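A.B. asks: Quick one, fold the following:
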Amino acid sequence: MKLVAALCGVVLLGMAYAQAAPFFDAARGPTPIDKETSPPRLVNQVNDDQRLKRNYSYQPPVIPHRIDGYQVDKNFNKCLDCHAREKTDFSQAIPVSETHYVDRSGKVLPHISTRRYFCKQCHVAQEPVPPLVGNGFRGDPADAASAPKK
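C.D. replies: Predicted structure coming up:
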């Protein structure tokens, strides 16, 4: 009997705590979970071609220009119009990393490896938005020293 009373007390205490501390989700803001949120206003995408420093070793660089409408599928990759190694002399774009020309067994290929062909799996466009949650991560100082300056 005492066990049942203790369990009821724990359940009631948990219910009281749940009502006292509402759930807060950084993506939703202060809007309760049972209410609809208002999406943030769309802003212009970054399109300044200024490279940002990377936050950690081997972080894929972000894309500093608009990519909406770019076709990247099994038949065509619009990114390679400028970033393919044989086209960068003309386009002045950053060439695709040499790591993208290596297959999973370590063999160097004359073309981009199929596992690295779909750029937007790793690279994302820069967006001028504040982070959803705070982040105190500082990364490796050696990475910061070798990063391009903005």
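A.B. asks: What is the burial count for Cys79?
C.D. replies: Other residues near Cys79 number 21, with proximity taken as other CB atoms under 10 Å. C-beta coordinates here come from the backbone N, C-alpha and C atoms, glycine included.
A.B. asks: Repeat that for Pro64.
C.D. replies: By other CB under 10 Å, 17 other residues sit near Pro64.
A.B. asks: Tell me how far it lies from Lys120.
C.D. replies: For Pro64, the distance to Lys120 equals 14 Å [CB to CB, to the nearest Å].
A.B. asks: swap in Tyr101?
C.D. replies: Counting by CB to CB, the separation of Tyr101 from Lys120 is 19 Å.
A.B. asks: Could you do Phe76 as well?
C.D. replies: For Phe76, the distance to Lys120 under the criterion CB to CB works out to 14 Å.
A.B. asks: Would you report the backbone torsion angles of Lys87?
C.D. replies: Comment: the main-chain dihedrals of Lys87 come out as phi -110, psi -10, following degrees, to the nearest 10.
A.B. asks: ok, for the residue nearest the centre of the chain, nearest residue in space, not its chain neighbours?
C.D. replies: Central residue check for the chain by CA atoms, centre = their mean: the C-alpha nearest the mean position is that of Val124, 6.0 Å away. Once flanking residues are discounted, Val124 sits nearest to Val62: 5.8 Å by CB to CB, 6 or more residues apart in numbering.
A.B. asks: one step back: of Tyr101 and Lys120, which one has the most company?
C.D. replies: Under the neighbour definition other CB under 10 Å, Tyr101 and Lys120 were set side by side, and Tyr101 has more, 16 against 12.
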